[in-house]
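Undergrad: need a 3D model of the following:
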Amino acid sequence: MDTQQHQIALCQLPQVGAVTARTLVSYCGSARAVFSTPARTLLKIPGIGAVITSSIRKNADNALRTAEKELAFICKNNIITVFYTDPLFPSRLLQSYDTPALIFFKGSDPELLKRDRIVSVVGTRQPTEHGKANCEAMIEGLARAGVMIVSGLAYGIDITAHRKSCQINMPNIGVLGHGLGSIYPIQHKQVAQRMTENGGLVSEFIHDVKPDRENFPMRNRIIAGICDALIVVETAASGGSMITASMANRLSCEVFAIPGRPQDPKSAGCNYLIRTHQAYLVETAEDVINLMGWDESPATRSQQLQLILDLDTSEKELVSIVKNTPEINIDQLTLLSGLSPGELASKILSLEFRGILKTLPGKRYVAIN
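TA: Numbering: from 1, shown residues only. Okay, the predicted model is just below:
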């Protein structure tokens, strides 16, 4: 049986990144099993060569000791760990090839990680007053649609989004480029504390990891991967916001940008995204709500519910299996469903047509909503 200590330790092994960690668990059966699997067996796993196998064997004890210290910290500070196989792990984030194998969450309710209507907001660290006003207006409008905001707690647009969300008691989550043992920048500590009352903080790093430069692109992939839609409020032609928008597009996430004045360097990135069809032009929250279909009538929601009710028994069981087993692959689905390959393929196709299941790369499946 898996333990938190082994899940944390797996992610602390040198040479073992997010993708490798998930590969090891997939073949070994659990994080705990990775540490007890013989070297000769590890060497047979695709992509796990002599270097990684040697690292696991050589560094296992140190990784487990580090994990033990981390457990003491998270217990003391009311932090939970969410492994990628946990039902609480964000389902959209599972679609990312390099999604973290483990995230740490500190906040009011870990179920927020699974909720619908998540919007990430990104932008420059040196916004204009106009950009900040646009951000605040966007947050206020989205609140009426029951949206949760995600951003990176950085200077500028990030903290504007978080601060406004807190002011109107709107759930919001900050994704950090460091461990939960500190807040960076320190000036945002009070806002971060307020966020944990009606939202939370997320990190993939153990608590004493510093806000080093290389951590922030990793942080950005979570911001892009966890949301249903990403809004670029104000940004230059290059920088972290543009990278995050590119990541979101690769994940087939809806990307929106607020246009700015021509020749304004602070809006050059937004204008470029719109001009090159990498983002929809939006000016108000209502534009986002309409484009996302979040203004649907009760009748439309009733029709969607009816789709679920109209499923036959085996289809309902199939949907239940997928919902309860994140990132399930075709072999596991065949085993758990008891259906023949032909029957399973037919039912998956039918459920996809009705917008109930989605196929991911590698013949993996997730339930939609």
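
Undergrad: and the end-to-end length of stretch 75-95?
TA: End-to-end span of stretch 75-95 (CA to CA, to the nearest Å): 30 Å.

Undergrad: pull out the buried positions in it.
TA: 79-86, 88-95 (16 or more other CB atoms under 10 Å). The C-beta positions use only the backbone N, C-alpha and C, and glycine is treated the same way.

Undergrad: that stretch: how far from the chain's middle?
TA: Distance of stretch 75-95 from its chain centroid, counting by CA atoms, centre = their mean, to the nearest Å, is 10 Å.

Undergrad: again, but for stretch 66-82
TA: 21 Å.

Undergrad: now do stretch 339-357
TA: Chain-centre distance of stretch 339-357: 26 Å, with CA atoms, centre = their mean.

Undergrad: scan this protein for its longest helix.
TA: For the chain, the helix with the greatest residue count under DSSP state H is helix 50-76.

Undergrad: need the mean per-residue confidence for whichever helix or strand comes after that helix.
TA: The helix or strand immediately downstream of helix 50-76 is strand 80-83, counting by DSSP states H and E. Averaging pLDDT along strand 80-83 yields 97.

Undergrad: swap in stretch 252-269?
TA: 94.

Undergrad: kindly report the same for stretch 149-167.
TA: 98.

Undergrad: skipping its backbone neighbours, what lies nearest residue 170 in space?
TA: residue 143 (4.6 Å; CB to CB, 6 or more residues apart in numbering).

Undergrad: from what I see, the one you found and residue 171 are in contact.
TA: No: assessed by CB atoms under 8 Å, residue 143 is found out of contact with residue 171, at 9.4 Å.

Undergrad: in terms of neighbours, single out the busier of the two.
TA: residue 171 (23 against 18; other CB atoms under 10 Å).

Undergrad: state the distance from that one to residue 116.
TA: Residue 171 sits at a distance of 12 Å from residue 116 (criterion: CB to CB, to the nearest Å).

Undergrad: can you tell me the SS state at residue 365?
TA: Secondary structure for residue 365, judged by DSSP: H, G, I helix; E, B strand; the rest coil, is strand.

Undergrad: ok, the residue at minimal distance from the centre of the chain to residue 133 distance?
TA: In the chain, the C-alpha nearest the mean C-alpha coordinate belongs to residue 226, at 2.8 Å (CA atoms, centre = their mean). Using CB to CB, residue 226 is found at 26 Å from residue 133.

Undergrad: what do residue 143 and residue 171 both touch?
TA: Residues touching both residue 143 and residue 171 by CB atoms under 8 Å, 6 or more residues apart in numbering: residue 165.

Undergrad: shaky segments in the stretch 251-369 of the chain?
TA: Residue ranges of the stretch 251-369 of the chain with pLDDT under 70: 296-310, 326-327, 361-362, 369.
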